[in-house]
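> Sequence plus predicted model, see below.
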Amino acid sequence: MKRQHLWLIILILIVINFMSVAYFLGKGEPSQSEVVAQIGKDEITRQDWLNEMEGRYGKEVLDEMIDGKVIEAAGDKYDVEIDKEEIDREIKMLKSAYGTSAAALSINEEQWRKQIKDSLMLEELLTKEVSISEEKLQQYFEDNQAQYEIKDTYHLSQIVLANKEEAEQTVKELDNGSSFTAMALEKSTDTLTAAQGGDLGYVTVDDENYETIIKAAQDLKAGEWSDPVKTDEGYAIVLLQEFVEGETYSFKDVKSQIRRQMALEQMDLPVSTEPFKDEVDIETFYDGAL
């Protein structure tokens with residue numbers, strides 16, 4: 001796995017923690033003494049809850065937010081921009097390349113796009129003075145061309161039932177307005193995906209482990225579910241959440257990506273905002289400056 005993509009995934013996982021905290025912090029304006037859990041005679045108040053989340057995630061989330069602001073400031077200073085096409089391509093490549101791990105990352109694509117943009121901008125900032133010949137870039141592309149070929153990819157969910165009768169009854173309930181996620185949690189015999197509301201993640205068209213349900217998904221539009229499909233585990237109802245059309249990128253499409261990647265390897269430096277932090281004044285609650 002390339003260092004570039006590793007760093008992207010780390011950033012995205014951090015922002016998911018932030019989103020979870022932000023979601024709860026943003027729900028209305030209730031009293032901090034409001035009880036959010038009762039365990040026998042013991043109570044957990046909203047303030048207890050928020051303090052615990054801040055203790056676990058607070059500094060990590062704040063550091064990630066600071067990094068984003070540092071990248072924005074450095075981008076403005078050095079006139080560095082990232083094209084929307086590059087962000088779109090990275091999203092497609094992540095979905096296709098990392099399969100089920102990407103399912104958890106689809107919570108909020110706007111946040112996801114922001115993290116990818118920051119990641120690419122930081123790489124561009126770190127490597128802006130590195131020059132690599134056209135011949136070397138072209139050779140890298142030819143040696144690694146398979147990396148730049150995206151296969152048709154399906155974001156799928158499933159509900160697995162023991163027999164056809166149960167599956168047909170479940171389809172009727174879905175047709176009558178029942179939630180697919182709730183039905184998967186309640187009924188699916190596949191415990192791994194059931195715990196995720198049936199979410200299988202992103203599956204490429206040639207994944208032999210899901211050949212049967214991919215075939216069923218190919219006849220669906222996003223948001224539609226299939227009739228029961230016979231599988232080795234029983235009968236599956238397949239929901240197509242998203243279809244990502246395959247694409248083959250040209251050297252011109254990925255030239256800047258290759259240059260950054262080769263430059264980072266040549267420099268042998270961590271992908272970090274540290275070189276730019278001295279260019280802005282940073283004060284935080286955690287270092288006692290505020």
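Thanks, I have it.
> quick one, strands of the stretch 151-290 of the chain?
153-161, 199-204, 229-231, 234-244, 247-248 (DSSP state E, counting those that start in this stretch).
> for the stretch 101-250 of the chain, which spans come out with low pLDDT?
101-108 (pLDDT under 70).
> Show me the helices in it, by range?
All helices of the stretch 101-250 of the chain, identified by DSSP state H, counting those that start in this stretch, fall at 109-127, 134-143, 164-175, 180-187, 191-194, 211-217.
> May I see the buried residues of the first one?
What that stands for is helix 109-127. Neighbour-count burial for helix 109-127 flags 111-112, 114-127 (criterion: 16 or more other Cβ atoms under 10 Å). C-beta here means a position set from N, CA and C on the backbone, and glycine is covered the same way.
> just to revisit the earlier point, for the strands of the stretch 151-290 of the chain, give me CSV that also has mean neighbour count and distance to residue 266.
Conversion of the strands of the stretch 151-290 of the chain to CSV gives the following (neighbours: other Cβ atoms under 10 Å; distance: least, Cβ to Cβ, whole Å):
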stretch, mean neighbour count, distance to residue 266
strand 153-161, 25, 32
strand 199-204, 23, 32
strand 229-231, 15, 48
strand 234-244, 22, 32
strand 247-248, 12, 27
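> closest one to residue 54 among those strands?
For these, proximity to residue 54 was assessed by Cβ to Cβ; strand 199-204 is nearest, at 28.9 Å.
> neighbouring strands for that closest one, and are they parallel or not?
Here strand 199-204 has these sheet partners by DSSP bridges: strand 153-161 (antiparallel).
> what angle do the strand it pairs with and helix 164-175 make?
Calculated by axes from the mean of the first three to the mean of the last three Cα atoms, to 10 degrees, strand 153-161 forms an angle of 120 degrees with helix 164-175.
> how about the CA coordinates for strand 153-161, as PDB?
The C-alpha coordinates for strand 153-161 follow below in PDB (Å, rounded to 0.1, in the frame of the first residue of the first chain):
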ATOM      1  CA  THR A 153     -17.500  -1.300  -8.000                       C
ATOM      2  CA  TYR A 154     -20.700  -1.700  -6.000                       C
ATOM      3  CA  HIS A 155     -21.500  -0.400  -2.500                       C
ATOM      4  CA  LEU A 156     -23.800  -3.200  -1.300                       C
ATOM      5  CA  SER A 157     -25.900  -4.100   1.700                       C
ATOM      6  CA  GLN A 158     -27.500  -7.400   2.400                       C
ATOM      7  CA  ILE A 159     -30.000  -9.200   4.600                       C
ATOM      8  CA  VAL A 160     -29.400 -12.900   4.800                       C
ATOM      9  CA  LEU A 161     -32.300 -15.200   5.800                       C
END
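> what's the offset of it from the middle of its chain?
Remark: strand 153-161 is offset 18 Å from the chain centroid, using Cα atoms, centre = their mean, to the nearest Å.
> One more: stretch 67-81?
The answer for stretch 67-81 is 23 Å, by Cα atoms, centre = their mean.
> got it, and stretch 70-90?
19 Å.
> Which residues does that stretch contact?
Contact with stretch 70-90 is made by 8, 113, 116-118, 120-122, 124-125, 128, 249, 253-254, 256-257, 273, 276-277, 279-280, 282, as judged by Cβ atoms under 8 Å, 6 or more residues apart in numbering.
> and with 7 Å instead?
113, 116-118, 120-122, 124-125, 128, 249, 273, 276-277, 279-280 (Cβ atoms under 7 Å, 6 or more residues apart in numbering).
> one step back: of the strands of the stretch 151-290 of the chain, which approaches residue 134 most closely?
Closest among the strands of the stretch 151-290 of the chain, using Cβ to Cβ: strand 247-248, at 20.8 Å.
> Parallel or antiparallel, list what pairs with that closest one.
strand 149-150 (antiparallel).
> if we can go back for a sec, present the helices of the stretch 101-250 of the chain as TSV; the columns should include distance to residue 63.
TSV is the format used below for the helices of the stretch 101-250 of the chain (distance: least, Cβ to Cβ, whole Å):
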stretch	distance to residue 63
helix 109-127	13
helix 134-143	33
helix 164-175	43
helix 180-187	33
helix 191-194	32
helix 211-217	40
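> right, so of these, which gets closest to residue 202?
helix 211-217 (11.5 Å).
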